[in-house]
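In: With the sequence up front, the predicted model follows.
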Amino acid sequence: MAEERNILLGILAIILGILVISFPLFSVFTASVLAGFAIILLGIWLLVQSFEIWSKSKATSIAFLFLGLIAIVGGIGLFGNILAFSFLASFWIFFAGFFLIISGIMAFFTKEGTAGMGIGAVGIIIGIIYILLASFAWNPYYLALLIGIWLIIDGVTLFFISPKQLAEIEKSQMPK
């Protein structure tokens, strides 16, 4: 069994997942506020960096300045905007699905043996699932449902897998 801390985190993730599913618009609104606030903070940090770097590299400073301004404007636009948050989440899920399909096709044709072809096929299937999920994530209700289900699944897995076991699994799968 997992450690006590993981069980507590698992329970919290399950409760949060149920709350997200129960209050979908409030949950997506909260996520958009947090994401917008984080992007605004990132923009402020980039602006500060642009002024600190000015004496060393003017080109880098100007790049940080533009990125900071874009981040602040984007963060303000995202702050509390449910539709913008749903659009961006859907776009990124679609983007990831597209690249999973492309990498799956490449792995399918370049890897040797059945395992390599299987990995490619799994990448293609997961990419298709991502694209299907992206088509539902446009709607804030479905986006909240997807986030809630993910939190519940993550919470349940925390009951059975400890961080030590996960690290051992990852270490054993790394090439030597």
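Out: Right, received. Where do you want to start? Numbers count the residues shown, from 1 in each chain.

In: Would you mind pulling up the elements that the helix or strand hosting Ala134 packs against?
Out: Using DSSP states H and E, Ala134 falls within helix 113-137. The contact analysis (3 or more CB pairs under 8 Å, 6 or more residues apart in numbering; DSSP states H and E) places helix 113-137 against helix 82-110, helix 140-160. For the C-beta atoms, the positions are set from N, CA and C on the backbone; glycine is no exception.

In: Any chance of the backbone angles for the residue located most distally from the centre of the chain?
Out: The outermost residue of the chain, judged against the average C-alpha position, is Ser55 (36.0 Å), by CA atoms, centre = their mean. Its backbone dihedrals place Ser55 at phi -70, psi -20, with angles given as degrees, to the nearest 10.

In: And the pLDDT for it?
Out: The predicted structure scores Ser55 at 85 on the pLDDT scale.

In: out of the helices and strands packed on helix 113-137, nearest to Phe64?
Out: Taking CB to CB, helix 82-110 is the member of those nearest to Phe64, at 22.6 Å.

In: hang on, the earlier thing: residues making contact with the helix holding Ala134?
Out: Around helix 113-137, the neighbours that count as contacts under CB atoms under 8 Å, 6 or more residues apart in numbering are 86, 89-91, 93-94, 96-111, 142-143, 146.

In: tell me the angle it makes with helix 82-110.
Out: Using axes from the mean of the first three to the mean of the last three CA atoms, to 10 degrees, the direction of helix 113-137 lies 160 degrees away from that of helix 82-110.

In: Helix 113-137 versus helix 140-160: what angle between them?
Out: Between the axes of helix 113-137 and helix 140-160, defined by the same axes, to 10 degrees, the angle is 140 degrees.

In: what distance separates helix 113-137 from the centre of its chain?
Out: Helix 113-137 has its average C-alpha position 17 Å from the chain's average C-alpha position, going by CA atoms, centre = their mean, to the nearest Å.

In: And it, what's buried?
Out: Of all the residues in helix 113-137, those buried under the rule 16 or more other CB atoms under 10 Å are 119-120, 123-124, 127, 130-131, 133-134, 137.

In: got it, and stretch 138-154?
Out: By 16+ other CB under 10 Å, the buried positions in stretch 138-154 come out as 138, 140, 142-148, 151-152.

In: As TSV, these with distance to Gly36 and pLDDT would be great.
Out: Formatted as TSV, these follow (distance: CB to CB, whole Å; pLDDT from 0 to 100):
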residue	distance to Gly36	pLDDT
Trp138	19	85
Pro140	15	87
Tyr142	21	88
Leu143	16	88
Ala144	17	90
Leu145	22	89
Leu146	20	87
Ile147	16	88
Gly148	21	90
Leu151	21	89
Ile152	26	92
